[in-house]
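Peer 1: Fold the following.
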Amino acid sequence: MDSNFPYNKPVTGRHFFGREPEVRAFANLLSQGENVVIYEPPKTGRKSLVQQGFYNMKMAGTRFEPVHLSLLNVRTLSDFAMRLASSALLTAGNSPEDYSQAARELLADTHFRFDESRYGSFGDALSWDGTPDEGDLRAAYLLPYRVGRRTGVRRIVVIDEFQNIMLTEDGDRACQLLEKLFKTLPAEYVGCANYVFLGSQVNAMHEIFGIKRWFWRKAERIALPPIDTKEIIEHSVRGFLATGKVIDRDLLLGVCRLFRGNIWYINHFCAICDALSRGYIMEQTLTEALNSLVSIHEARFVAIMNDLTTFQVGLLRAILDGNKRFSSAVIIRRYDLNSSANVRRLKDALAKKEIVFFDEEENPVLLDPLFEYWVRKYYFNMPLE
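Peer 2: Numbering: from 1, shown residues only. The predicted structure follows:
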């Protein structure tokens, strides 16, 4: 049964809303041959935007073939090269014969070895013949372009969890080689492929694209601002009406504020409310739904706090209290932060653990709205507004 509040998978069509400008920007950039980078906290709509963007492009008659891969479990550059090459090559034909011929032609001068008997097994048809080198990594980067040129259809390579490239033995070198390819791409491959970099770890992705500035002017970032509150409320009201239920718009306004417009949390919350209610949805139902949602995530939140040092917990409390000048003597003494030098280390630690993001003016933002609610109410026992 199709839920009115889907939260367990990326959405398109009638369930996708509020991101029309970003979808248009995504499609336009790809159509112009640009590479795209999207990094936002988990469950904020990155994959949904990509799927909707691809859907719109196909409806507009744009010819392309997506190439999907994830670096979630990749820890070496050889694994990365193999994953990328396998994903691109598997789109090179519609039959084992097409695939085999493409593999022989496109991998002839590399250390990739193709086993025809294992065609169709993701990643297993390719292996290494000898020791892979930088030339093989460059060959993997170039392969989507070569496949696109060979077939006459552009390849759009979507690399999810791209920040994990920095968990390999030399992530900076990998980025440098890909950036060099973008800058020196042979003319015959222009327009044959694009790259889309996705990441759920905001600070790690910002380190790559914002601080180190890899792919500067070679990959355009699309930011995903919160969906407009009015659109979320209308979406929620329609979803409840479809099952014969009514909810006060002021209650939904409070829900939007609590979750800071995070549509995944809101959809999950509304799905729980829908299951708990009949007819008119009362405030008591919302409270029960919130308690259920918190209980689902509480173990994760406890693990986050258990992983923090006493100093890091102190800085987190200072942030929740609305402070910004963490290096001042008053704040250091009040929250037992030890020293101004230690404050910088604490900020870096909370950022690396993807708990807080500090903007260009060093203003802190907790990345997870439900975690912020939980840590305020249940960990620090702070009064809620």
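Peer 1: Which helix in the protein has the most residues?
Peer 2: helix 283-306 (DSSP state H).
Peer 1: Keeping just the C-alphas, turn that one into PDB.
Peer 2: This file holds the C-alpha atoms of helix 283-306, laid out as PDB (Å, rounded to 0.1, in the frame of the first residue of the first chain):
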ATOM      1  CA  GLU A 283      -2.500  17.300  20.700                       C
ATOM      2  CA  GLN A 284      -2.300  14.200  22.900                       C
ATOM      3  CA  THR A 285      -1.800  12.100  19.700                       C
ATOM      4  CA  LEU A 286       1.000  14.300  18.600                       C
ATOM      5  CA  THR A 287       2.700  13.900  22.000                       C
ATOM      6  CA  GLU A 288       2.400  10.200  21.900                       C
ATOM      7  CA  ALA A 289       3.800  10.100  18.300                       C
ATOM      8  CA  LEU A 290       6.700  12.300  19.300                       C
ATOM      9  CA  ASN A 291       7.500  10.000  22.200                       C
ATOM     10  CA  SER A 292       7.400   7.000  19.800                       C
ATOM     11  CA  LEU A 293       9.700   8.700  17.400                       C
ATOM     12  CA  VAL A 294      12.200   9.600  20.100                       C
ATOM     13  CA  SER A 295      12.200   6.000  21.400                       C
ATOM     14  CA  ILE A 296      13.100   4.800  17.900                       C
ATOM     15  CA  HIS A 297      16.200   7.000  17.800                       C
ATOM     16  CA  GLU A 298      17.100   7.200  21.500                       C
ATOM     17  CA  ALA A 299      19.700   4.400  21.400                       C
ATOM     18  CA  ARG A 300      21.500   6.300  18.600                       C
ATOM     19  CA  PHE A 301      21.400   9.500  20.500                       C
ATOM     20  CA  VAL A 302      22.700   7.900  23.700                       C
ATOM     21  CA  ALA A 303      25.600   6.400  21.700                       C
ATOM     22  CA  ILE A 304      26.400   9.800  20.400                       C
ATOM     23  CA  MET A 305      26.600  11.300  23.900                       C
ATOM     24  CA  ASN A 306      28.600   8.400  25.300                       C
END
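Peer 1: Quick one: mean pLDDT for it?
Peer 2: Helix 283-306 shows an average pLDDT of 97 in the prediction.
Peer 1: packing partners for that helix?
Peer 2: helix 249-258, helix 263-276, helix 369-374 (3 or more C-beta pairs under 8 Å, 6 or more residues apart in numbering; DSSP states H and E). C-beta: built from backbone N, CA, C; applies to glycine.
Peer 1: Just put the ones you listed in CSV and tack on distance to residue 196.
Peer 2: CSV is the format used below for the helices and strands packed on helix 283-306 (distance: least, C-beta to C-beta, whole Å):
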stretch, distance to residue 196
helix 249-258, 29
helix 263-276, 20
helix 369-374, 26
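Peer 1: picking that back up, can you identify the element that follows the longest helix of the chain toward the C-terminus?
Peer 2: helix 310-320 (DSSP states H and E).
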